[in-house]
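# predicted model and sequence follow; I will ask about them next.
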Amino acid sequence: MGQKTFAKAMGVPEYQVSRWKNGFFSQVSMMLAVLEYGIEDEEMAELTRRLATYLTKEKAPKNGEFFEA
């Protein structure tokens, strides 16, 4: 599926999908890859597990709920 089709399906402008692709999606992809291959760093592993949990829920986390300060 291309950016234009994805943007239309999501109801957002195509430029927004480009921003997601270059920012959030690339970070999520890296975190999911870490989950798949396993890592030694427990803090990163915990963040990745939490991300996977959030991705399986219907509601997105509220601001401040994803990463601790």
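Looks like it arrived, so ask away.
# where along the protein do the helices fall?
With helices called from DSSP state H, the chain shows them at 3-10, 14-22, 24-37, 42-56.
# and the ones you listed as JSON lines, adding mean pLDDT and mean neighbour count?
Every residue, glycine included, has its C-beta placed from N, CA and C. Written out in JSON lines, the entries for the helices of the chain read as follows (pLDDT from 0 to 100; neighbours: other CB atoms under 10 Å):
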{"stretch": "helix 3-10", "mean pLDDT": "84", "mean neighbour count": "13"}
{"stretch": "helix 14-22", "mean pLDDT": "81", "mean neighbour count": "13"}
{"stretch": "helix 24-37", "mean pLDDT": "74", "mean neighbour count": "12"}
{"stretch": "helix 42-56", "mean pLDDT": "73", "mean neighbour count": "13"}
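# ok, and the closest non-adjacent residue to the residue nearest the centre of the chain?
Using CA atoms, centre = their mean, the residue of the chain that lies closest to the mean C-alpha position is residue 28, 3.6 Å off. Counting by CB to CB, 6 or more residues apart in numbering, residue 28 lies nearest to residue 51, which is 6.7 Å off, once chain neighbours are set aside.
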